[in-house]
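Undergrad: no sequence on this one, just coordinates:
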């Protein structure tokens, strides 16, 4: 016999899941099925740079967090700032002191750079990734992969003239104990944007995006019913939004599928479902902005998630490089949109 609690929770999951399906936007295109194409010469150069940046953050610097490895956190911030500057950007450091867990007085920084829009400068597209790692972990996939992609997207965009303002932001303090708190770096950032009445029309959170496998049954889900809808092989990139960000989800997934020969899935789900709000897009949702998470689904696929084995050698750099090259096209479409 099932307990009353189990029955109630199961019923809630079923109702929540199928209710979300009613709100699922019509996603343009279809997910690609087949081998990812061999890398071009330009993509091979990108692959080398991505590997270099991941190794710098997760290998040379390693564990980086305000709690136990504050010096390394500062080293990571300096590396990111230097990378932006070398590309040709001016960098704004948004500093704040954490106020919790006996760490008051330690200054932390979000790092922002931007290209002002040529026609719609007041419409802002934010591409972001957190650069801290969980205490005790080198954080290669989570989230040196996201930061390496952020830097690559910034490099590829530096000479562009977008219609909308395009911002690249490296966030601090995404990981516990600051996750979904007032001291979460992206929350501090998004709140200040709201206080300034900035019009952020799209936010992309690059979260753990470097691990892919063709191993059958390598993909799991927070709700058992989801394996009837989504693939159970962990070889796809996932675009995840809350209900209010459904249009952005549709646009981004549609743009990606126009260009990419890379498996992709999109999920528009209530924030309460486990995993849906597990990154910096959550902070923008709390402040009324549309946002999506771009992710390999992290713990639902990646066996080294939040462990000391999350090292640079675990990344699938061929797939990772191809993905980032396709995301460059998505960011260009978002920032040049005239809609």
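TA: Yes, it's here. These figures come from a predicted structure and were not determined experimentally. Residues are numbered from 1 along each chain as shown.

Undergrad: CA atoms for contacts and neighbours, from now on please.
TA: Noted.

Undergrad: state the pLDDT value of residue 324.
TA: Residue 324 is assigned a pLDDT of 98 by the prediction.

Undergrad: same check, this time on residue 104
TA: Residue 104 is assigned a pLDDT of 75 by the prediction.

Undergrad: that one: neighbouring residues, count only.
TA: The tally of other residues near residue 104 (other C-alpha atoms under 10 Å) stands at 10.

Undergrad: could you pull up the contacting residues of the residue nearest to residue 174 when sequence neighbours are not counted?
TA: In space, and not counting its chain neighbours, residue 174 is closest to residue 184: 5.4 Å by C-alpha to C-alpha, 6 or more residues apart in numbering. Contacts here follow C-alpha atoms under 8 Å, 6 or more residues apart in numbering; on that basis residue 184 touches 172-175, 178.

Undergrad: then residue 201?
TA: Counting by C-alpha under 8 Å, 6+ apart, residue 201 makes contact with 123-125, 289-290.

Undergrad: any chance of a markdown table for these, columns pLDDT and secondary structure?
TA: Conversion of these to a markdown table gives the following (pLDDT from 0 to 100; DSSP: H, G, I helix; E, B strand; the rest coil):
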| residue | pLDDT | secondary structure |
| --- | --- | --- |
| 123 | 98 | strand |
| 124 | 98 | strand |
| 125 | 98 | strand |
| 289 | 98 | coil |
| 290 | 98 | coil |
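
Undergrad: just the buried members of those residues?
TA: In terms of neighbour count (16 or more other C-alpha atoms under 10 Å), the buried residues within those are 123-125, 289-290.

Undergrad: quick check: closest non-adjacent residue to residue 62.
TA: Among residues not flanking residue 62 along the chain, residue 138 sits closest, at 4.4 Å (C-alpha to C-alpha, 6+ apart).

Undergrad: hmm, residue 65 and that neighbour touching each other?
TA: No. Contact criterion C-alpha atoms under 8 Å: residue 138 and residue 65 do not qualify, at 10.0 Å.

Undergrad: ok so, going back, let's verify the residue nearest to residue 62: helix, strand, or coil?
TA: For residue 138, the reduced secondary structure class is coil; criterion used: DSSP: H, G, I helix; E, B strand; the rest coil.

Undergrad: ok, now which ones touch it?
TA: Listed by C-alpha under 8 Å, 6+ apart, the contact partners of residue 138 are 58-59, 62-64, 308-311.

Undergrad: and the residue nearest to residue 281 when sequence neighbours are not counted, how many neighbours?
TA: Closest residue in space to residue 281, ignoring its immediate chain neighbours: residue 291 at 5.2 Å, by C-alpha to C-alpha, 6+ apart. Burial measure for residue 291: 30 neighbouring residues, criterion other C-alpha under 10 Å.

Undergrad: I'd say residue 291 and residue 202 touch.
TA: Yes. Taking C-alpha under 8 Å as the definition, residue 291 is a contact partner of residue 202 at 5.7 Å.

Undergrad: between those two, which contacts overlap?
TA: Common contacts of residue 291 and residue 202 (C-alpha under 8 Å, 6+ apart): residue 248.

Undergrad: with the contacts of residue 184 in mind, which one is nearest to residue 196?
TA: For residue 196, the closest of these turns out to be residue 172, at 20.5 Å, with distances computed as C-alpha to C-alpha.

Undergrad: any idea how far that closest one is from residue 228?
TA: Residue 172 sits at a distance of 36 Å from residue 228 (criterion: C-alpha to C-alpha, to the nearest Å).

Undergrad: okay, these two: which has more neighbours?
TA: When residue 172 is set against residue 228 and neighbours are counted by other C-alpha under 10 Å, the residue ahead is residue 172, at 31 against 8.

Undergrad: got the contact list for the more buried one?
TA: Remark: with contacts taken as C-alpha under 8 Å, 6+ apart, residue 172 is in contact with 108-110, 130-132, 184-186.

Undergrad: turn these into a markdown table, columns for secondary structure and distance to residue 296.
TA: Compiled in a markdown table, those are given as follows (DSSP: H, G, I helix; E, B strand; the rest coil; distance: C-alpha to C-alpha, whole Å):
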| residue | secondary structure | distance to residue 296 |
| --- | --- | --- |
| 108 | strand | 27 |
| 109 | strand | 26 |
| 110 | strand | 24 |
| 130 | strand | 15 |
| 131 | coil | 17 |
| 132 | coil | 18 |
| 184 | coil | 22 |
| 185 | helix | 22 |
| 186 | helix | 20 |
